[in-house]
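In: no sequence on hand, only this structure:
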């Protein structure tokens, strides 16, 4: 069973960590709205040599992709650390699969979640995604 009280305790702890990761990014982006663009270097993009929509759209697209990558990779790292901290082991599979299940839940429940408000519509599916990942990756007892 372990310290977390079996699969249900493991799922509950993972859900808490998933929600905490969303809240951490929300806090960062609330305090520093351009954080991701600053990290990506999108502020430094100049279209002086190639003026027009092509350069601007391309720079925005690359900035978006790099920004999403930074948020996703750092979120997975933060989640892995948090999962280890609360005793959800092995942490790596849960940290890697949590965002996958969260995106699936966001995709499947998009219309329902639109009515909840932006923060709740992010915290709930991510928490559930991490809980589902923890349940699926629960080590089986040998015997």
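Out: Sure, I can see it. Fair warning: this is a prediction, and the values are worked out from it, not measured in the lab. Residues are numbered from 1 along each chain as shown.
In: so residue 15 versus residue 132, what's the distance?
Out: Applying C-beta to C-beta, to the nearest Å, the value for residue 15 to residue 132 is 9 Å. Every C-beta, even on glycine, is put in place using the N, C-alpha and C of the backbone.
In: neighbours of residue 36, just the number please.
Out: 21 (other C-beta atoms under 10 Å).
In: state the mean pLDDT of the helix or strand harbouring it.
Out: Using DSSP states H and E, residue 36 sits in helix 35-40. Here helix 35-40 scores 68 as its mean pLDDT.
In: could you pull out the helices for this structure?
Out: Ranges of helices in the chain, per DSSP state H, are 6-31, 35-40, 53-86, 91-108, 110-113, 120-136.
In: switch the ones you listed over to CSV; also include distance to residue 142.
Out: Converted to CSV, those look like this (distance: least, C-beta to C-beta, whole Å):
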stretch, distance to residue 142
helix 6-31, 16
helix 35-40, 44
helix 53-86, 22
helix 91-108, 18
helix 110-113, 40
helix 120-136, 18
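In: ranking these by burial, who's on top?
Out: Neighbour counts (mean count of other C-beta atoms under 10 Å) averaged over each of these peak at helix 120-136, with a mean of 22.
In: what angle separates it from helix 91-108?
Out: 130 degrees (axes from the mean of the first three to the mean of the last three C-alpha atoms, to 10 degrees).
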